[in-house]
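>>> how would this look folded up:
(one chain, ligands or ions: 1)
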Amino acid sequence: MVGRTVMGGFDGGVGHGYKSKTCRDGGGKRRAMLRCIECGGLYDENEVVYRCRCGGLLEVLVDLSRAENVFDGRNIKLWKYESFLPVRKRVSLDEGGTPLYRLKNLFPDSKILLKNEGANPTGSFKDRGMTVGVSKALELGMDKVLCASTGNTAASLAAYSARAGIRCYILIPGGKVALGKLSQALIHGAEVIPVKGNFDTALEIVMELSSELGVYVLNSINPFRLEGQKTLAFEIYDQLGEVPDNVVLPVGNAGNISAIWKGFKELREAGITDKLPKMVGIQAEGASPLVRMFKEGEEFRPCGDPETVATAIRIGNPVNWRKAVRAVQESGGLFESVSDEEILQAQYVLASREGIFVEPASAASLAGFIKLRSLDLISGTTVLVATGHGLKDPNAVFGRFKLPDPVDPDVELIRRRILSSH
Ligand code: F0G
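Residues are numbered from 1 along each chain as shown. Coordinates of the predicted model:
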C-alpha cells in the first residue's frame, strides 16, 4: 500500500534500547539520534561527531515510525525513500533509480542481477551518500567539507558541494587515482591535495585536521553519509519485488556493505519485509585484511602496503571494519578475495558479453561471484553491485588493449582487414 505509515521507530519496539521521551525534543521534530555500536552511547543528531568517546563507530538511529511503505516498483529514485532519511534539507542531483539488469547472457539459467551504480550523476554509488551527507552539512551550518579519497568520493563530494555552494577540500593518494575521477574533482572546483602515501594515511590526516579546521568530514566514517547509501537496499527490494538471497559487493573502507545491510534491516524493522539477504564482501587480494580475518579467524590486522589494479579499493585499514564484520556475521554471509587478473577478466566479460562497462573495483563483485560459485559457496537470487562506471578509469582498458596504428583510407585494404578478423 503506498503512503502507509509503518510500524517501528523510537516507540515501535525495534530494539533501539531507549525511550521515546529521551529521543524527541519539545516539538517532536527530532528524526534521529547517533548511537555507538560498541558501548551504546547516544549523541544528538546535531552534534558534529564521528566517533564515540570510547572510540567506537557511530550509527544513525532513525525514527522508523515515520517510514512510509512506498515500495510499489514505480518512480524509483533515492528521495522516494525520504521518510527513512534523517535530514530535512535536500542537495540533490537526482541520484538513485539506477538500473537493475538481469545478466541473461552470462547466467541464462539463474537469477543473477547487476545493480549499475555507475548510472548515478557522478558515475558511482557515492552520490547516494553525498546527497544526504552534504544536505546534513548545510543543516549543521557547515560551509566547508573535507574527505580523503581513492577518487569516487572526491568526484562526488566535489560535485555536491558545488551544487550546495560550499568549499570542498580533498586529499588523495598521489599518483594512484584514476584519471576520470581526478578530472571530475578538479572541474567541480575542489581544492585537491595529493599526498605522498596511500588512502589510509590521507584519512588519518583528515581526521586529525577536521575539528581544528571546522570542516565537515564526508568519508564513510560519517554515519549520515551511510544513511544515503542504505537506499541501495531499498531500491533493490523495490525493483525486484523481493529481498534477494545474496548481495555481493566490493569492499574498500567498508562503509557501503555496512550501509546496505542497515537498509535491509530497516525494511524488516519497519515491517515491510521479513527476509534478509546474505552480505558478501569482495576485496582485492592485495588489499584484503577483512578476508584474512574472516578466513583465518584472527584479530583484525590492517594490511600495511595495499596494492591492486582496482585503485578504488586500494585500502589496507578499512575504517568501518567493525560494522562490515557485523553485517557479514549477522547476515550469515562471507568475505572473499580475488586477484587483479580475475578482476580485469570479469570487467572484460561484463562489458563484452552484457554491454555493461564498470570500473575494475566494481568488477570485483562479478569476479568474486564467479569464484564463490565455482566453490559452491553461493546460490539463489543474487544481486551484484557494480559500484562505479568504467569510464572512470580508461587506463585500466588500455593496459589490456592496444589500438592499432591508423591505416590508409583504402576501401580494399579495410575490406580485407574486416574479412580476415574473427
Ligand atoms: N567501489 C568503488 C568504485 C569505490 O570507489 C569504492 C570506495 C568501493 C567500491 C568500496 O566502498 O569503501 O564503502 O567499502 N571508494 C572510496 C573513495 C574509498 O574514496 O572513493 P567502501
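
>>> What does residue 280 show for phi and psi?
phi -120, psi 110 (degrees, to the nearest 10).

>>> was I right about it contacting residue 250?
No - taking contacts as CB atoms under 8 Å, residue 280 lies outside contact range of residue 250: 10.4 Å. No exception for glycine: its C-beta is placed from N, CA and C like everyone else's.

>>> So these two - more neighbours on which side?
More crowded of residue 280 and residue 250, by other CB atoms under 10 Å: residue 250, with 30 against 26.

>>> coming back round to it: spit out the residues that contact residue 280 and residue 250 alike.
Listed contacts common to residue 280 and residue 250 are residue 368; contacts here mean CB atoms under 8 Å, 6 or more residues apart in numbering.

>>> Report the helix or strand with the lowest average pLDDT across the chain.
Least confident element among the helices and strands of the chain, by mean pLDDT, DSSP states H and E: helix 20-23 (a mean of 32).

>>> Spatially nearest residue to residue 175 (excluding sequence neighbours)?
Counting by CB to CB, 6 or more residues apart in numbering, residue 175 lies nearest to residue 194, which is 7.3 Å off, once chain neighbours are set aside.

>>> and the one you found, which of the three is it?
Here residue 194 is recorded as strand under DSSP: H, G, I helix; E, B strand; the rest coil.

>>> how much space is there between it and residue 145?
From residue 194 across to residue 145, the span is 18 Å (CB to CB, to the nearest Å).

>>> Could you verify my assumption that residue 395 touches residue 179?
Yes - between residue 395 and residue 179 there is a contact at 6.2 Å, judged by CB under 8 Å.

>>> For the two, work out which one has more neighbours and name it.
Neighbour count, other CB under 10 Å: between residue 395 and residue 179, residue 179 has more, with 14 against 11.

>>> Surely that one is in contact with residue 393?
Yes - counting by CB under 8 Å, residue 179 touches residue 393, with 7.0 Å between them.

>>> Look at residue 194 and residue 145 and report which has more neighbours.
Regarding residue 194 and residue 145, a neighbour count based on other CB under 10 Å identifies residue 145 as having more, with 25 against 15.

>>> Next one, pLDDT for the closest residue in space to residue 56 that isn't next to it in sequence please.
Of all residues not flanking residue 56 in the chain, residue 38 sits nearest, at 3.1 Å (CB to CB, 6+ apart). pLDDT, residue 38: 98.

>>> residues in contact with residue 38?
Residue 38 touches 52, 54, 55, 56, 57, 322, counting by CB under 8 Å, 6+ apart.

>>> Mind doing that once more with 10 Å?
Counting by CB atoms under 10 Å, 6 or more residues apart in numbering, residue 38 makes contact with 51, 52, 54, 55, 56, 57, 58, 322.

>>> can you tell me how far it sits from residue 344?
38 Å.

>>> hang on, the earlier thing: overlap in contacts, residue 179 and residue 393.
Common contacts of residue 179 and residue 393, defined by CB under 10 Å, 6+ apart, comprise residue 151.

>>> picking up where we left off before, hey, what's the residue nearest to residue 175 bridged with?
As for beta bridges, residue 194 partners with residue 172 under DSSP bridges.

>>> Would you agree it is in contact with residue 201?
No - look at residue 194 against residue 201 with CB atoms under 10 Å: they stay out of range, at 11.8 Å.

>>> Overlap in contacts, these two.
With CB under 10 Å, 6+ apart, residue 194 and residue 201 have common neighbours 171, 173.

>>> Give me the local confidence score for residue 421.
pLDDT at residue 421 comes out at 86.

>>> again with residue 293
97.

>>> now whichever strand or helix holds it: how far from the chain's centre is it?
Per DSSP states H and E: residue 293 is located in helix 289-296. In terms of CA atoms, centre = their mean, to the nearest Å, the centre of helix 289-296 is set 21 Å apart from its chain centre.

>>> Also stretch 290-297?
Taking the mean of its C-alpha atoms, stretch 290-297 sits 22 Å from the chain's own mean (CA atoms, centre = their mean).

>>> hmm, that stretch touching the ligand?
No - under the criterion of CB under 6 Å from any ligand atom, stretch 290-297 makes no contact with the ligand; the nearest approach is 9.6 Å.

>>> Give the buried residues for that stretch.
290, 291, 292, 293, 294 (16 or more other CB atoms under 10 Å).

>>> May I have that stretch as PDB, with CA atoms only?
Extracted as PDB, the C-alpha positions of stretch 290-297 are listed here (Å, rounded to 0.1, in the frame of the first residue of the first chain):
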ATOM      1  CA  LEU A 290      38.900  -8.500   6.200                       C
ATOM      2  CA  VAL A 291      39.200 -11.700   4.100                       C
ATOM      3  CA  ARG A 292      42.300 -12.700   6.100                       C
ATOM      4  CA  MET A 293      40.500 -12.000   9.400                       C
ATOM      5  CA  PHE A 294      37.400 -13.900   8.200                       C
ATOM      6  CA  LYS A 295      39.200 -17.000   6.800                       C
ATOM      7  CA  GLU A 296      41.900 -17.300   9.400                       C
ATOM      8  CA  GLY A 297      39.700 -16.400  12.400                       C
END
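
>>> what's that stretch in contact with?
251, 254, 257, 281-285, 288, 298-301, 303, 318, 321, 324-325, 328-329, 333-338, 368.

>>> For the ligand, tell me which of the residues you listed show up nearby.
Contacts with the ligand within the contacts of stretch 290-297, as defined by CB under 6 Å from any ligand atom: 251, 254.

>>> Filter the contacts of stretch 290-297 down to just the ones in strands.
Using DSSP state E, the members of the contacts of stretch 290-297 that fall in strands are 281, 282, 283, 284, 334, 335, 336, 337, 338.

>>> Select only the buried ones of those residues in ChimeraX?
Buried members of those, defined by 16+ other CB under 10 Å, are picked up in ChimeraX with:
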select :281,282,283,284,334,335,336,337,338
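
>>> Make CSV from the ones in strands among the contacts of stretch 290-297 and add pLDDT and distance to residue 136 to it.
Formatted as CSV, those follow (pLDDT from 0 to 100; distance: CB to CB, whole Å):
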residue, pLDDT, distance to residue 136
281, 99, 26
282, 99, 29
283, 98, 29
284, 98, 31
334, 98, 33
335, 98, 30
336, 98, 33
337, 98, 34
338, 98, 34
